[in-house]
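Enquirer: Sequence and predicted structure, then a few things I'm wondering about:
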Amino acid sequence: MINKIYEILPEFLQTLLLNAVKRIKIVFYKLSKLFIPSQKSKPEIIHEFNLNRKYGPLPRVCYAPYTSLFLSRLGYISPCYASYNPESSHISKESLKTAWFDGSIERIRKKHLNYDFSECSLCKTLLEQKAFGSLLINKYDHYSFSRSSYPRIIEFELSNKCNLSCIMCDSNLSSGIEKAECNNISGNQFYGEKFFEDLEEIIPHLHLAEFTGGDPLIIGEYYRILELIKKLNPDCSILITTNANTYNQKVEWILNNFKKINFNVSIDSLDAENYSKIRRNGDLNKAMQNLERFIEYSRKNKTYLNILVCPMTVNFHEMADFVNFANEKNICVFYHTVVKPKHLSLKYNKNDYIKKNIKNFKSLKFPDKTKNQKTNKKNFEELVKLVEIWQLEQEPQMQKIQNQYSELSIGEIEELLFKKIGGEEEFVNYKLQTVLEKYKNSDDYKFLLSKLARVENQKFIRYLREKETDELLLITEDIINNKK
């Protein structure tokens with residue numbers, strides 16, 4: 001009821017109401033810390049987070065386990081994309097209903113009551129860093145008012161079928177990469193007829209159905225689920241995360257048969273050349289044409305469209321451009337947290353390029369008159385804050401490593417080198433092994449290891465990826481010869 005009243009209010013009244021309620025809740029929350037024993041025992045970081053939440057302090061740390069189902073391509077069932085693991089309920093062993101009421105999702109609920117985030121490492125780390133604006137938890141706060149015992153959101157990630165092979169993606173989420181690496185496309189492996197039967201009980205309770213991939217617009221199973229939604233819950237909102245490189249009769253069928261389609265459009269560069277390097281097989285012009293189609297649909301049906309960006313070492317300089325672009329289109333831009341592969345992640349690389357852009361970004365001023373402008377400005381500032389935290393975290397760690405090389409054993413330095421390339425493809429690992437193997441019995445082996453360990457992560461990985469093994473052996477030989 002509260003949600004429905006809120007949604008029909010004009011934007012300025014929504015903002016006034018939200019801020020007024022938030023202020024009142026914060027006052028009562030601070031008082032409760034003084035007098036209620038259970039509030040006193042909460043970790044201080046949780047108190048700090050509660051005071052920074054969009055809707056003010058809330059009773060639960062995270063509402064995902066109470067409102068959301070994520071169905072991974074590997075068959076695991078969890079509250080969100082960042083919390084499934086080998087101990088999660090599996091669709092081959094449990095029904096959706098069992099997983100929801102009695103399975104691993106119930107286990108996570110119990111853990112959260114004790115502030116145990118051992119199955120939620122992404123948000124655990126961001127909480128510790130006080131990067132509250134980047135928390136995945138925020139996505140589910142909107143559903144804190146729900147009273148349904150059934151999930152209100154399902155996020156479908158049933159297949160990796162995709163027409164692109166993005167450089168930050170992997171075979172689990174891209175059939176193109178899987179085919180190149182394994183000469184095989186596995187697609188949907190676990191979701192059969194029983195799964196579609198189970199859905200019929202849950203779909204009537206949904207407020208939102210999210211479709212990811214792969215790319216949802218070319219995954220056949222999703223059209224079957226959309227038919228079920230049309231039949232059982234036509235008022236359900238739908239969110240499609242797409243690279244916007246596909247537009248055909250099937251896509252037109254979606255736009256013509258549903259009035260509550262929302263879009264997350266993934267675009268990582270506004271420069272055609274850089275876009276094609278990042279989203280391999282993609283076409284920026286085609287994506288922009290389809291983006292305009294989806295924006296037109298969203299305006300006509302009063303739904304929303306967001307741009308999703310993966311900030312990396314190859315496009316960080318463009319992040320402010322996305323704020324201007326989104327403001328121009330009157331849409332919102334959101335930034336993903338990219339942690340692999342390491343050579344692309346801003347978390348694991350420290351260099352002048354990143355430092356220079358942080359300094360530049362902190363000097364920029366963006367408009368914040370409209371709701372979307374405020375969102376874009378906030379998201380950008382949170383991104384810059386997070387990357388700055390990552391850069392600062394690396395300084396003492398790098399200095400410590402530099403000082404310790406002389407004290408470390410050969411095995412310990414080898415371990416450091418292989419940690420540098422953690423998450424990279426097997427051929428990168430193989431090249432490093434081949435190079436080290438040649439010098440393993442040399443008196444200069446430890447000297448070589450120490451030199452390689454001092455090489456900046458991004459440069460180290462780039463060399464391993466781009467240069468042939470013979471070239472790498474020549475480089476290492478030069479390093480040893482220069483010592484002499």
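Expert: That came through fine.
Enquirer: Buried ones in the lengthiest helix in the chain, by neighbour count?
Expert: Ranked by residue count and defined by DSSP state H, the top helix of the chain is helix 371-404. By neighbour count with 16 or more other Cβ atoms under 10 Å, helix 371-404 contains the buried residues 372-373, 375-377, 379-391, 394. Using the backbone N, CA and C atoms, a C-beta is placed for each residue, glycine as well.
Enquirer: cool, and stretch 213-224?
Expert: Neighbour-count burial for stretch 213-224 flags Gly213, Gly214, Asp215, Pro216, Leu217, Ile218, Ile219, Glu221, Tyr222 (criterion: 16+ other Cβ under 10 Å).
Enquirer: swap in stretch 466-475?
Expert: Residues of stretch 466-475 classed as buried by neighbour count (16+ other Cβ under 10 Å): Leu472, Leu473.
Enquirer: chain center to it: distance?
Expert: Computed by Cα atoms, centre = their mean, to the nearest Å, the chain-centroid distance of stretch 466-475 equals 34 Å.
Enquirer: Which strands and helices lie in contact with the longest helix of the chain?
Expert: helix 319-329, strand 332-335, helix 352-362 (3 or more Cβ pairs under 8 Å, 6 or more residues apart in numbering; DSSP states H and E).
Enquirer: Turn those into TSV, including mean pLDDT, distance to Val455 and mean neighbour count.
Expert: Converted to TSV, those look like this (pLDDT from 0 to 100; distance: least, Cβ to Cβ, whole Å; neighbours: other Cβ atoms under 10 Å):
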stretch	mean pLDDT	distance to Val455	mean neighbour count
helix 319-329	98	26	18
strand 332-335	96	28	21
helix 352-362	93	15	14
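Enquirer: Which one of these lies nearest to Tyr430?
Expert: In terms of Cβ to Cβ, the element of the helices and strands packed on helix 371-404 nearest to Tyr430 is helix 352-362, at 28.6 Å.
Enquirer: now that closest one against helix 371-404, angle please.
Expert: Interaxial angle of helix 352-362 relative to helix 371-404 (axes from the mean of the first three to the mean of the last three Cα atoms, to 10 degrees): 150 degrees.
Enquirer: Touching helix 352-362 from outside, list them.
Expert: Thr313, Phe316, His317, Met319, Ala320, Leu346, Phe380, Val384, Val387, Glu388, Gln391 (Cβ atoms under 8 Å, 6 or more residues apart in numbering).
Enquirer: The residue nearest to Lys329 when sequence neighbours are not counted - how many residues pack around it?
Expert: In this structure, Lys329 finds its nearest non-sequential neighbour in Ile295, 6.3 Å apart by Cβ to Cβ, 6 or more residues apart in numbering. The burial count assigned to Ile295 is 16, neighbours taken as other Cβ atoms under 10 Å.
Enquirer: Helix or strand: which one has Ile295?
Expert: Assigned by DSSP states H and E, Ile295 belongs to helix 284-301.
Enquirer: Let's test this: mean pLDDT of that helix, rounded?
Expert: Mean pLDDT, helix 284-301: 98.
Enquirer: Show me what secondary structure element comes after it.
Expert: Note on helix 284-301: by DSSP H and E, the next helix or strand toward the C-terminus is strand 305-309.
Enquirer: Partner strands of the helix or strand harbouring Asn262, with direction?
Expert: In the assignment (DSSP H and E), Asn262 maps to strand 261-266. Strands that pair with strand 261-266, judged by DSSP bridges, come out as strand 237-242 (parallel), strand 305-309 (parallel).
Enquirer: hmm, who's touching the helix holding Ile295?
Expert: With Cβ under 8 Å, 6+ apart, helix 284-301 has contacts from 243-247, 255, 259-263, 265, 267, 269-272, 275-276, 303-305, 329, 331.
Enquirer: Same check on stretch 204-213?
Expert: Outside stretch 204-213, the residues that touch it by Cβ under 8 Å, 6+ apart are 81, 143, 146, 148, 150-157, 159-162, 173, 203, 219, 222, 225, 229, 232-233, 236-241.
Enquirer: in the protein, which ranges drop under the pLDDT threshold?
Expert: 1-9, 11, 395-406, 423, 458, 482-484 (pLDDT under 70).
Enquirer: and Pro86, how many neighbours?
Expert: When counting by other Cβ under 10 Å, one arrives at 7 neighbours for Pro86.
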